[in-house]
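>>> I'd like to go over a predicted model; first the sequence, then the structure.
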Amino acid sequence: MSRISELILPWFYENKRDLPWRKDKEPYHVWLSEIMLQQTRVEAVKEYYVRFLKELPTIKSLSECPDDKLMKLWEGLGYYNRARNLKLTAATIMTDYHGEFPSELEQIRSLKGIGSYTAGAIGSICYNKKTPAVDGNVLRVLSRVYCDDSNIDLETTKKKYRELLYDLYPEDACGDFTQALMELGALVCIPNGIPKCEECPLAGCCQAHLQGCTHRLPVRSEKKQRTKTDMTVFVFMYQDGEDLYYAIRKRTKKGLLHGLYEFYNVQEALCAEAAMEYVKALGIHADNLIKEIKYKHIFTHTEWHMTAYYITCKQKNEDMLWVLASELSGDYALPTAFRVFVEV
Ligand code: SF4
């Protein structure tokens, strides 16, 4: 096992993907990419990453970015707290570290939104330190290589592998070793489906492969059932000549999608008739209900079962925010759960 780095590094140099965040080892870039990649596919992140850095090229510019602009840059990526934490941490780096990203693991780890995995990735990739970054990909590879049926969702298992990996890091290629393990997990020892052992540089020493038990590893906790919420969404529209306006509002309640925009809604399933009565009782100048769409949006822990009613209005209520369809795409961060109703 001590030869893992010798086996995996040549494979990595030969097979690594050309990704925008691999062009340099600037800590701001590595940090941003690691945060964006949490819970999000590489292909989806590429475009966001490039656009984000074009708009906010420095930690200072991120720390000063207005919240609405930040949410717009993040729109569609989901898990919006990641963006809020990025900005908070950028502000901390400006005040506590004179704008320079810290290099000590404990300092990195203390920053908001940065856990053991991200701190380890930054430490090894940017500063060539033996700071293991143990994510789902790495845990899957290691649990198979060692044919270990410890539950990889447990912190004790992650700690065990962080300690074990520390001794396997090569002196002069820590960042490459971190990335090689992740890359092997993403491309060869894949999360869904059968691992491609015939292409794997570790096949000769991988115990799960040698013992024919790759299919039962890694061991994970059973997933909790998601909660389900019924929701009625009102897509209020007002046509003024050629201009089509939508009514939106900002989500002020703390929690899911806080600070982003949404269409008006209530958390209950209303039939079309009840929906129109509800709208009229609110004093909205509703005219006709012209369309109904059902959609289910899945978050990590909850599902929204949404019914959207498209309602034309005779006039715009003054106390509501009415925006043009073009402004909706350009200026307001409308999360995917609501944006789907614009795009249908
Ligand atoms: S040999 Fe197969 S199971 Fe083992 S690490 Fe490689 S891909 Fe994964």
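Structure received.
>>> what stretches of this structure score poorly on pLDDT?
Applying pLDDT under 70 to the chain flags the ranges 1-2, 343-344.
>>> what's the lengthiest helix in it in contact with?
Longest helix of the chain, by residue count under DSSP state H: helix 81-96. By C-beta atoms under 8 Å, 6 or more residues apart in numbering, the residues outside helix 81-96 that reach it are 31-32, 35-36, 38, 59-60, 62-63, 65, 67, 70-71, 73-74, 77, 99-102, 111-114, 259. In this view, the C-beta of every residue, glycine as well, is placed from N, C-alpha and C.
>>> Help me confirm that residue 114 comes into contact with residue 105.
No: look at residue 114 against residue 105 with C-beta atoms under 8 Å: they stay out of range, at 10.4 Å.
>>> So between those two, which is more surrounded?
A count of neighbours by other C-beta atoms under 10 Å puts residue 114 above the other of residue 114 and residue 105, at 21 against 18.
>>> For the nearest residue to that one once chain neighbours are set aside, list the residues it contacts.
With sequence-adjacent residues excluded and distances taken as C-beta to C-beta, 6 or more residues apart in numbering, residue 114 is closest to residue 108, at 6.0 Å. Neighbouring residues of residue 108 by C-beta under 8 Å, 6+ apart: 101, 102, 114, 118, 119, 122, 123.
>>> hmm, which two among the residues you listed are most spread apart?
102 and 118 (13.0 Å; C-beta to C-beta).
>>> Just list the residues touching residue 216, thanks.
residue 149.
>>> Repeat that for residue 189.
Neighbours of residue 189 in contact, by C-beta under 8 Å, 6+ apart: 137, 140, 141, 144, 195, 196, 200.
>>> top of those by neighbour count?
residue 141 (28 neighbours).
>>> doesn't residue 181 make contact with that residue?
Yes: counting by C-beta under 8 Å, residue 141 does reach residue 181; the two are 5.9 Å apart.
>>> residues from the stretch 51-200 of the chain in reach of the ligand?
Contacts of the stretch 51-200 of the chain with the ligand, taken as C-beta under 6 Å from any ligand atom, map to 141, 144, 145, 188, 189, 195, 196, 197, 200.
>>> Distance to residue 254 and secondary structure added to those, as JSON lines?
Listed next are these as JSON lines, based on distance: C-beta to C-beta, whole Å; DSSP: H, G, I helix; E, B strand; the rest coil:
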{"residue": "141", "distance to residue 254": "38", "secondary structure": "helix"}
{"residue": "144", "distance to residue 254": "41", "secondary structure": "helix"}
{"residue": "145", "distance to residue 254": "43", "secondary structure": "helix"}
{"residue": "188", "distance to residue 254": "42", "secondary structure": "coil"}
{"residue": "189", "distance to residue 254": "39", "secondary structure": "coil"}
{"residue": "195", "distance to residue 254": "42", "secondary structure": "coil"}
{"residue": "196", "distance to residue 254": "44", "secondary structure": "coil"}
{"residue": "197", "distance to residue 254": "47", "secondary structure": "helix"}
{"residue": "200", "distance to residue 254": "45", "secondary structure": "coil"}
